[in-house]
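S.K.: the following comprises the amino acid sequence and a computationally predicted model.
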Amino acid sequence: MMLASSVCLAQNPTTGHSFRPNSPRDTVHPAVHTRTLDGTEPQREIQLIRYGNQAAAPQMPMASEPAESSNSEVGSQRNQDSPGLATSMPRVAASMPRVAPNMPGEKIPELRMPDGLVHPAVPSTDAATALQRPVLCWEQELRTSILRDRPPMPMSLNETLYRAMTEAPELKILNSDWCIQLQEITRQDAAFDWNTFVNSVWNRDSTPIGSQLDGAANRLRSHTSTARAGLRRLDRTGGQFEIAQQFGFKESNSQFISPNNQGNTRLALQYEKPLLRGAGEDYATSPLQLAEIDKDIAFDRLQAGIQDYLLETANAYWNLVLRRGRFLQAVNSWNRAKLVADEISQRQQIDVKPVAMDRAMQDVANRLAAAIQAEHDIIVAQEVLLGLIYANRYPQFAGTEVVPLTLPPDTPEAIGPETQVEVAIQNRPEVHQVIREIRASAIEHKVAQSEVLPALNLVLTGYSAGLRGDYNAAGAFTDQFSMGQPGLGVGIDFEIPYKNRAARAAAEQRRIAMARIQNQFEVVVGEVSQDVRSQAIQRNKFIAVLPQQWESLVLSQRLLVNTETRRRFLADGTQVADLYLDNLLQIQSRLEASEFAMLQAQVNFAMADMGLQRSVANLKTLATPESLEQLNIPGAETSQRPIIEGPMIGR
């Protein structure tokens, strides 16, 4: 019997790993699927040419089969976790693509291209369904723990965004700004509250006599004490109301003071209302209105900051997915080269030259180095993601392994930008902010126009007073309500600056500022529309690229299978085998590049989808807490195992 290596498009559903010969005991590697070929030599060659080197495990279940199948659960969960704009279709799992014409009576599968063309001999579905394909091996491994000595910390994209929104100090700063503006509204509204005041004065006077009318000899002496308490308030139409009660005592050596040792009281009321400048509720409440608008603007800035921060966090999440997938691909590529090197090592005493062994070992060393570097890239990507979530607290989680549970959808649909532009204009906080700024500018312009008018105030006063001797202030307080009549007064205050240039200039400034903000609104709407269209086009671009990358991956795999077949069964002599060795290693590297290009296209689409969600202000809706029990993802294992034989982080 003979073993033939192959690219892994679907892993062993039982373990997902294979044990290598010549490896230490209990060492587990990502599976590079093999197939045992029975029968005579021609029969084995026909099997390879017809089917390729498929895994010995049963075929993966189709999307229409029951949900208890592990691969179906993986595909469905990935589509459920995918963001709202990226809709997915059921995955149709298939076996390894065939590398030669089909047997009689069988139909060649076709690939539906984005432009509607039909490309033969590549897996596909009917015209009504987008590209559907098997689960790639690294997609299954991405949901598992792949780093040694690191406890796993599974996180879906939604949970990651939720943690960032609730933990990130940057967002707490923006939230503090909004809370500050909330208190500013209370402060401005407090201007219309009642104010209590108390005034008291005590005087001792001693003045020279300048007239006989003073009624004293040598010097006029008097002692006076006054206390005044009351309430005053500014109403919402601009008027000022005041009510005060006064108590006083007075004694003097003047013979004309009667009665002496007085106790006096006075109840006074005053109301002053502007009639021109500063008149009206809009003018009086303008600081409160501006504070409310500033509060809403601060909220818009908070929302925009949340969207930007969640986009940065989502991109870091997808970059971690990319780095983990690249690591798994690098390990698989290293395993392919190691299988070739192991085979050559076993044939060194038969027909293999030392130079061929050196060539194979060189590739093994290079690919192992690439895998180790890819592992370090995972740690760097984790550090970035944890830093965005926890800021200076992320070292507490630096020893864990973040296991992403959300993967990019493999069958997304294109989206028209026109409908998204309408949604963005309604939802984007930048649009809301400029609208509020226009309202604030209009209020300031109205206030400036009121300042141009002359000051004309109506003044109303009234009082009632009482007076008694022997310091009887209590009796005087009773008299002010029972004896005599109250006093009344009406007056007008008028004032206007000469030419009034300052007020006119201020009004012109506010008019120009309002026109400027209105023009700014047009600019913001244009920028939002352009941003949405650009993000939608970018997203649709990667959707169109995905089938091409899939076709490139399938064709690279076919080249590898054909080269392996020729090298194993058609090689004639050492020189031909050496020639096919170089060709085999080059095609393995080409397959690795195609795998990474496919993964890169998937992640690029996911990032573009996040960008589109940010452009329509929809990212915050994805930040929802989810428990692992609710996620119910079968691939989120917590087992620890070594991946490659070589230096590993966290040993």
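M.R.: Received it, and whenever you're ready, just let me know what you need.

S.K.: can you list the domains in the chain?
M.R.: 3-169+301-418+528-631, 194-234+239-277+455-495 (automatic domain parsing).

S.K.: tell me the average confidence for the last one?
M.R.: Just to be clear, that refers to domain 194-234+239-277+455-495. Per-residue pLDDT values over domain 194-234+239-277+455-495 give a mean of 90.

S.K.: starting at the chain centroid, how far to that domain?
M.R.: On the basis of Cα atoms, centre = their mean, to the nearest Å, domain 194-234+239-277+455-495 sits 66 Å off its chain's mean C-alpha point.

S.K.: would you format the domains of the chain as CSV with mean neighbour count and distance to residue 284 included?
M.R.: Yep, even glycine has a C-beta here, placed from its N, CA and C like the rest. As requested, the domains of the chain are exported to CSV (neighbours: other Cβ atoms under 10 Å; distance: least, Cβ to Cβ, whole Å):
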stretch, mean neighbour count, distance to residue 284
domain 3-169+301-418+528-631, 18, 28
domain 194-234+239-277+455-495, 14, 7
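
S.K.: mind putting these in CSV, distance to residue 435 included?
M.R.: Listed next are these as CSV, based on distance: least, Cβ to Cβ, whole Å:
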stretch, distance to residue 435
domain 3-169+301-418+528-631, 12
domain 194-234+239-277+455-495, 29
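
S.K.: quick one: which of those domains is nearest residue 506?
M.R.: domain 194-234+239-277+455-495 (12.5 Å; Cβ to Cβ).

S.K.: ok, back up a step: rank the domains of the chain by pLDDT, which is bottom?
M.R.: Among the domains of the chain, domain 3-169+301-418+528-631 has the lowest mean pLDDT, at a mean of 68.

S.K.: let me see the ranges of the helices in the stretch 201-350 of the chain.
M.R.: Using DSSP state H, counting those that start in this stretch, the helices of the stretch 201-350 of the chain run over 281-284, 286-346.

S.K.: helix or strand right after the longest one?
M.R.: Taking DSSP states H and E as the definition, the helix or strand that follows helix 286-346 towards the C-terminus is helix 354-390.

S.K.: and that next one, what does it pack against?
M.R.: helix 157-167, helix 286-346, strand 401-404, helix 574-615 (3 or more Cβ pairs under 8 Å, 6 or more residues apart in numbering; DSSP states H and E).

S.K.: now the first one, how far from the chain's geometric center?
M.R.: Right, the one you point to is helix 157-167. 8 Å.

S.K.: the next helix or strand after that helix: which residues count as buried?
M.R.: Counting by DSSP H and E, the next helix or strand C-terminal to helix 157-167 is helix 169-189. Neighbour-count burial for helix 169-189 flags 171, 174, 178, 181, 184, 185, 188 (criterion: 16 or more other Cβ atoms under 10 Å).

S.K.: nearest residue to the middle of this structure?
M.R.: Taking Cα atoms, centre = their mean, the centroid of the chain lies closest to residue 310, which sits 1.5 Å from it.

S.K.: against residue 605, how distant is the closest residue to that one other than its chain neighbours?
M.R.: Nearest residue to residue 310, sequence neighbours excluded (Cβ to Cβ, 6 or more residues apart in numbering): residue 619, at 4.3 Å. Distance of residue 619 to residue 605, computed by Cβ to Cβ, to the nearest Å: 16 Å.

S.K.: tell me the SS of the residue nearest to residue 286 when sequence neighbours are not counted?
M.R.: Leaving aside its chain neighbours, residue 286 sits nearest to residue 447 (5.0 Å; criterion: Cβ to Cβ, 6+ apart). Secondary structure assignment for residue 447 (DSSP: H, G, I helix; E, B strand; the rest coil): helix.

S.K.: ok, residue 447 - contacts?
M.R.: By Cβ atoms under 8 Å, 6 or more residues apart in numbering, the residues touching residue 447 are 282, 283, 286, 510.

S.K.: repeat that for residue 429.
M.R.: Contacts of residue 429 by Cβ under 8 Å, 6+ apart are 299, 300, 301, 303, 304, 307, 617.

S.K.: correct me, but the last one touches residue 428?
M.R.: Yes - with contact defined as Cβ atoms under 8 Å, residue 617 counts as touching residue 428 (5.0 Å).

S.K.: tell me the mean pLDDT for stretch 441-449?
M.R.: 94.

S.K.: pull out the buried positions in that stretch.
M.R.: 441, 443, 444, 445, 446, 447, 448, 449.

S.K.: quick one: the helices in the stretch 401-550 of the chain, in order.
M.R.: For the stretch 401-550 of the chain, applying DSSP H, counting those that start in this stretch gives helices covering 417-427, 429-452, 473-482, 501-565.

S.K.: picking that back up, and of the helices of the stretch 201-350 of the chain, who's closest to residue 483?
M.R.: Nearest to residue 483, of all the helices of the stretch 201-350 of the chain, is helix 281-284, at 39.1 Å by Cβ to Cβ.

S.K.: hmm, residue 218 is touching residue 209, no?
M.R.: Yes - between residue 218 and residue 209 a contact is recorded at 6.2 Å, counting by Cβ under 8 Å.

S.K.: which ones are touching residue 385?
M.R.: Here residue 385 is in contact with 160, 313, 316, 317, 319, 320, 402 (Cβ under 8 Å, 6+ apart).

S.K.: kindly recompute the last result at 6 Å.
M.R.: Residue 385 makes contacts with 316, 320, as judged by Cβ atoms under 6 Å, 6 or more residues apart in numbering.

S.K.: how far away is it from residue 594?
M.R.: Distance, residue 385 to residue 594, by Cβ to Cβ: 27 Å.

S.K.: next, the contact list for residue 619, please.
M.R.: By Cβ under 6 Å, 6+ apart, residue 619 lies in contact with 307, 310, 613.

S.K.: and if we set it to 7 Å?
M.R.: 161, 307, 310, 311, 314, 613 (Cβ atoms under 7 Å, 6 or more residues apart in numbering).

S.K.: try residue 280
M.R.: So residue 280 contacts 237, 238 (Cβ under 7 Å, 6+ apart).

S.K.: one more time with 10 Å, if that's ok
M.R.: Residues near residue 280 by Cβ atoms under 10 Å, 6 or more residues apart in numbering: 236, 237, 238, 274, 286, 446, 450.

S.K.: residue 255: which of those residues is nearest?
M.R.: Using Cβ to Cβ, those come closest to residue 255 at residue 274, 47.8 Å.

S.K.: that closest one touches residue 235, doesn't it?
M.R.: No - with contact defined as Cβ atoms under 10 Å, residue 274 does not count as touching residue 235 (11.2 Å).

S.K.: now residue 412: how far from residue 386?
M.R.: Taking Cβ to Cβ, one finds residue 412 at 28 Å from residue 386.

S.K.: er, residue 161 I mean
M.R.: Distance from residue 161 to residue 386, by Cβ to Cβ: 14 Å.

S.K.: return every residue with contacts to both of these two.
M.R.: Residues touching both residue 161 and residue 386 (Cβ under 10 Å, 6+ apart): none.

S.K.: quickly list what's touching both of residue 617 and residue 428.
M.R.: Common neighbours of residue 617 and residue 428, using Cβ under 10 Å, 6+ apart, are 303, 304, 307, 528.

S.K.: farthest pair in the residues you listed?
M.R.: Farthest pair in the shared contacts of residue 617 and residue 428, by Cβ to Cβ: 303 and 528, 13.8 Å.
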